[in-house]
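[1] generate coordinates for the sequence data below:
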Amino acid sequence: MTLLYPTYFPNIISYIVMAHAEKLVFEVQDSYQKQTYRNRCYICGANGKLGLHIPVKYSQKNRQNTSEILIDNSSNWQSIHWKSLESAYKTSPYFEYYQDDLVSLFTTKKESLLGFNLECIEIINSCLNLSIKYSKSLEFNKEKQQKEYRYLVNARKESEIKINPYIQVFQEKHGFINNLSILDLLFNEGPNAKSYIQIQALTF
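    Purely as a prediction, here's the structure:
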């Protein structure tokens, strides 16, 4: 069993784990924590690494499971995220090819963070033509599992896991930026993104 958190447009390392999993289980019974990839992803813009954060309704006084977290739609975050993606990737080889598949995620109000994350993953899987079957956890188990990847949700520090470089839009300006959102790989590599993920060795 491979245990992983479903995050907002998962980073490439997480997608490599997902693609190699024989039995993928998404952890959904955990207590929500801030500063994780649960509600954020990172892309590369003209000024370098850029974080896209989904605002949520959360209070530390009342502990909530991730499955209970609601999105705070009081700000126009969806429009901001889409404009950021357009600005960052409009010159990439495949942004126009996939934009119609993705734009609906940013034009319809979403309520559940978990539901939205799973919807993003399903659409990315479709764009990649990648079949990834998963189930959701029924209870939270603190003990480490055989194939434990829940630690990948931590967004507070850079991952020490390195992936094979590919050409990024602003690479000449910023160099290769490791482990961005799967969107970066999709817009830059297009149909080749599937084979890129599948041939990466799962050595972590």
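
[2] strands of the protein, start to end?
    2-4, 24-26, 40-45, 48-53, 56-57, 70-71, 134-136, 147-148 (DSSP state E).

[3] tell me the helices and strands packed up against the last one.
    This means strand 147-148. strand 2-4 (3 or more CB pairs under 8 Å, 6 or more residues apart in numbering; DSSP states H and E). Quick note: C-beta positions are derived from backbone N, CA and C, even for glycine.

[4] sheet partners, orientation included, of the strand it packs on?
    strand 24-26 (parallel), strand 147-148 (parallel) (DSSP bridges).

[5] the ones you listed: lowest mean pLDDT?
    For those, the weakest mean pLDDT is recorded on strand 147-148, namely a mean of 84.

[6] what comes into contact with that strand?
    Applying CB atoms under 8 Å, 6 or more residues apart in numbering, the set of residues contacting strand 147-148 from outside is 1, 2, 3, 21.

[7] kindly reformat those as TSV containing distance to residue 34.
    Shown next, in TSV, are those (distance: CB to CB, whole Å):
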residue	distance to residue 34
1	27
2	25
3	21
21	27
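
[8] farthest-apart pair in the residues you listed, please.
    Spanning the widest gap among these are 3 and 21, at 9.3 Å by CB to CB.

[9] distance of the closest residue to residue 188 other than its chain neighbours from residue 144?
    Leaving aside its chain neighbours, residue 188 sits nearest to residue 92 (5.4 Å; criterion: CB to CB, 6 or more residues apart in numbering). Note on residue 92: its distance to residue 144, by CB to CB, to the nearest Å, is 38 Å.

[10] residue 78 now?
    Where residue 144 is concerned, residue 78 sits at a distance of 36 Å (CB to CB).

[11] by mean pLDDT, flag the weakest helix or strand of the chain.
    One helix or strand of the chain scores below all others by mean pLDDT, DSSP states H and E: strand 147-148, with a mean of 84.

[12] from the chain's centre, how far out does that strand sit?
    18 Å (CA atoms, centre = their mean, to the nearest Å).

[13] number of residues surrounding residue 166?
    Residues near residue 166, counting by other CB atoms under 10 Å, number 15.

[14] likewise residue 10?
    Residue 10, neighbours per other CB under 10 Å, totals 25.

[15] and the one 3 residues further on, by the same measure?
    A total of 20 residues lie near residue 13 under the criterion other CB under 10 Å.

[16] verify the stated contact: it with residue 162.
    No: the criterion here is CB atoms under 8 Å, and residue 13 misses it with residue 162 at 9.3 Å.

[17] how about the helices in this structure?
    Under the criterion DSSP state H, helices of the chain are mapped to 12-20, 77-89, 95-102, 113-128, 171-174, 182-189, 192-199.

[18] nearest to residue 150, of those?
    Comparing the helices of the chain against residue 150 with CB to CB, the closest turns out to be helix 12-20 (10.6 Å).

[19] tilt between that closest one and helix 192-199?
    70 degrees (axes from the mean of the first three to the mean of the last three CA atoms, to 10 degrees).
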